[in-house]
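**Q** Quick one: sequence and predicted model below, then my questions.
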Amino acid sequence: MTFIDNLSPEDLLILTNAFAISFSKDKTADEINVLGNFIVGIGCLMLTIASQQQYLTILQEARNSNATQNNDNNNAAADDITIG
């Protein structure tokens, strides 16, 4: 998605507007409703996927952080052991 990454918010708005007008041209209100609902459905599913990806990433980072802390604590405890 490199071309979208380089668009300003205003440019993206203009592009979206152009798509909406283009997709709606020569369509009935019913056809526009179906197409619009279809696009919204795709958007909702994509947002759900992105949300789950972020959640799983956060969980993995938390697990990694906890493992690092546990290793640090175990190493510190091992340093405190005195024999004899």
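**A** Good, I have the coordinates.

**Q** so what secondary structure elements neighbour the helix or strand encompassing residue 46?
**A** Under the criterion of DSSP states H and E, residue 46 resides in helix 29-79. Using 3 or more Cβ pairs under 8 Å, 6 or more residues apart in numbering; DSSP states H and E as the contact test, the elements touching helix 29-79 are helix 9-24. In this view, the C-beta of every residue, glycine as well, is placed from N, C-alpha and C.

**Q** Show me what the helix it packs on packs onto, helices and strands only.
**A** On the basis of 3+ Cβ pairs under 8 Å, 6+ apart, helix 9-24 makes packing contacts with helix 29-79.

**Q** go with 6 Å
**A** The contact analysis (3 or more Cβ pairs under 6 Å, 6 or more residues apart in numbering; DSSP states H and E) places helix 9-24 against no helix or strand.

**Q** So that it lines up with my notes, have the first residue be 388 from now on.
**A** Sure, I'll start numbering at 388, so the last one becomes helix 396-411.

**Q** about what we covered before: next one: the helix holding residue 433 to chain centre, how far?
**A** Offset of helix 416-466 from its chain centre (Cα atoms, centre = their mean, to the nearest Å): 7 Å.

**Q** That helix vs helix 396-411, what angle?
**A** Interaxial angle, helix 416-466 versus helix 396-411 (axes from the mean of the first three to the mean of the last three Cα atoms, to 10 degrees): 140 degrees.

**Q** Let's test this: mean pLDDT of helix 416-466, rounded?
**A** Averaged over helix 416-466, pLDDT sits at 91.

**Q** gap between the most centrally placed residue in the chain and residue 430?
**A** Against the mean C-alpha coordinate of the chain, by Cα atoms, centre = their mean, the closest residue is residue 437 at 3.2 Å. As judged by Cβ to Cβ, to the nearest Å, residue 437 and residue 430 stand 10 Å apart.
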